[in-house]
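Student: Quick one, what's the 3D model for this:
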Amino acid sequence: MHSIRFQFIAFITALLLVLLLLLNTYPLISSRDAIFEEKRSSMTASASTLASSLSGLEPLDGDSIAEALRYLDLGGYSRVLVTDRAGERLYDSAAGAEESKAQEDLETCLTGKTVFRSAFSNGAFVSSIAIPLSTQGELNGALYLTEHDEERGEIILSFQNRIRMASLAIGILALLLALLFAFLLLQRIRALVRSMRVVAEGDYSYRHVNRGQDEITELGEEFNQLTERLQTTEEQRRRFVSDASHELKTPLASIRLLADSIVENENVDAATMREFVTDIGNEAKRLQRTTDKLLTLSRLDDGSLGPTERVDLKQVVEGTLTPLRPLAREKQVTLETELKEGCVVLATEDDLFHIVFNLVENAVKYNVPGGSVRIALDGDDRQVTLTVSDTGIGIPEADRENIFSRFYRVDKARSREAGGSGLGLSIVHDAVCAHGGSIAVGQNTPQGSVFTVTFPRPTLEEET
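Tutor: Alright, predicted model coming up:
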């Protein structure tokens, strides 16, 4: 497996090679093409001038052609070749030179076409042109010119060498900068990896030190936020385990104490035995309630809500109040309802039952003799609102933001006397949020608390 440094350097090297290749080819090709076009233009003009002069010669022979060439001064061309219409050579200033291309071009020229060639070879531009000779529109021969330009060739070679040296310097400098950048980049990545390893070993209080304003800094900030959430979750988990152990330990200790009392006392009468067994049953029920609530919270944490359906909240409220009326009579608390028809929400009936049951049960347990609990249900086109208000002891404002935390109790002594575990409101909060709702707590007038639960109305797509 290749390291990031190797991959980065390989990528930069490949990119540099491509860029340097383009730098060493495109300008040279463009320069050569420009010279080729300039050669075509200048040689075509010179050949046309010479062809016009030769076309007027009578007769067209070697002496007359030599005289015309002396007059026109075409010393820049390495070869001047003139033929008649049959291809017979009348004049050749460089007899014995390469014949294959010249012969081919002359044959084409004698058909009435102009032929131009130019190439960069051995440090020089070698160009040739073949142009027809005609008099009054009648073809009577061909003119062939050759030029060997070493001066332009030296310019191109010098330009090519300078580009190569510049390319070499640019390549070395770019590679050095790439190595430096890769080193600095990898140092920051390694520092982030070291931070991850520290957190992975369990030190959730560790925070990565970020520098700069780039994507790695953003990644480090996200890592710190994740570590902070992990630290919070770990603290909550430890507190939850501690509180849960304490809650389970208390009834278990009571059951064990009562069982030991029965075993150690051989002459226990029937009434005392019945009392002990009743207490054991009550502690077992308390233990069962706590276990059930813990399982409910675990299910909500896992998102295991089960299939949701359209549920009439009024029917759920009415069904929930039935098992709570005996408790209300025992506590001398009056239950009042104001339930609007057609308050339908998309949820599971069991979760709605837990929400209503816990809110109303708490309102009854922490009320005063002769007090009341009012359950109101209202709704509009957008949402459904459930309100549970009581005239009980109320919740201090400083404790309201914590009452939905697990195992949190405002009055621990009174909560234990009432059989509370500190989990009911946590279940309510998590169940409401799991179904897209919200819950708020406030002060009732003149005393007591009021809980307001809001659910969104099902849309047409959800209803179908």
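
Student: okay, CA-based contacts and neighbour counts for the rest of this
Tutor: OK.

Student: C-alpha coordinates for stretch 452-459, PDB please?
Tutor: The C-alpha coordinates for stretch 452-459 follow below in PDB (Å, rounded to 0.1, in the frame of the first residue of the first chain):
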ATOM      1  CA  THR A 452     -47.400  21.000  26.700                       C
ATOM      2  CA  VAL A 453     -46.800  18.300  24.100                       C
ATOM      3  CA  THR A 454     -47.100  19.200  20.400                       C
ATOM      4  CA  PHE A 455     -47.300  16.700  17.600                       C
ATOM      5  CA  PRO A 456     -47.400  17.500  13.800                       C
ATOM      6  CA  ARG A 457     -50.500  16.600  11.900                       C
ATOM      7  CA  PRO A 458     -50.000  13.700   9.400                       C
ATOM      8  CA  THR A 459     -49.600  14.900   5.800                       C
END
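
Student: Rounded mean pLDDT for that stretch, please.
Tutor: Per-residue pLDDT over stretch 452-459 has a mean of 89.

Student: any idea how far it is from the chain center?
Tutor: 33 Å (Cα atoms, centre = their mean, to the nearest Å).

Student: which residues sit against that stretch?
Tutor: If you take Cα atoms under 8 Å, 6 or more residues apart in numbering as the criterion, stretch 452-459 is touched by 310, 344-346, 381-388, 432, 435-441.

Student: likewise stretch 133-151?
Tutor: Residues contacting stretch 133-151 (Cα under 8 Å, 6+ apart): 47, 51-52, 54-56, 76-87, 102, 106, 109-110, 112, 123-132.

Student: Going by the annotation, which residue ranges form each domain of the protein?
Tutor: What automatic domain parsing lists as the domains of the chain is 4-158, 215-297, 306-463.

Student: of these, which approaches I172 most closely?
Tutor: Across the domains of the chain, the minimum distance to I172, taken as Cα to Cα, is reached by domain 4-158, at 9.8 Å.

Student: Can you find the helix or strand of the chain with the lowest average pLDDT?
Tutor: helix 412-417 (a mean of 48; mean pLDDT, DSSP states H and E).

Student: Can you name the element that comes right after that helix?
Tutor: Tracing the chain past helix 412-417, the next element assigned as helix or strand by DSSP states H and E is helix 424-434.

Student: Which neighbouring elements make contact with that next one?
Tutor: Under the contact criterion of 3 or more Cα pairs under 8 Å, 6 or more residues apart in numbering; DSSP states H and E, helix 424-434 touches helix 270-302, helix 349-365, strand 438-443.

Student: Let me see the mean pLDDT of that helix.
Tutor: On average, helix 424-434 scores 83.

Student: Strand 438-443 and that one, what's the angle between them?
Tutor: 140 degrees (axes from the mean of the first three to the mean of the last three Cα atoms, to 10 degrees).

Student: where does the residue of the chain most remote from its centre land on pLDDT?
Tutor: Ranked by distance from the centre of the chain (Cα atoms, centre = their mean), the top residue is P59, with 86.1 Å. Listed pLDDT for P59 reads 71.

Student: for it, helix, strand, or coil?
Tutor: Recorded secondary structure, P59: coil (DSSP: H, G, I helix; E, B strand; the rest coil).

Student: Kindly report the same for F451.
Tutor: strand.

Student: Against R117, how distant is it?
Tutor: Relative to R117, F451 is positioned 96 Å away (Cα to Cα, to the nearest Å).

Student: of these two, who's got more company?
Tutor: F451 (19 against 15; other Cα atoms under 10 Å).

Student: That one touches G394, doesn't it?
Tutor: No. Assessed by Cα atoms under 8 Å, F451 is found out of contact with G394, at 11.1 Å.

Student: ok, A363 - contacts?
Tutor: 373, 388-390, 392.

Student: which parts of stretch 32-41 are buried?
Tutor: 32, 35-36, 39-40 (16 or more other Cα atoms under 10 Å).

Student: and if you look at stretch 106-117?
Tutor: 106-110, 112, 114-116.
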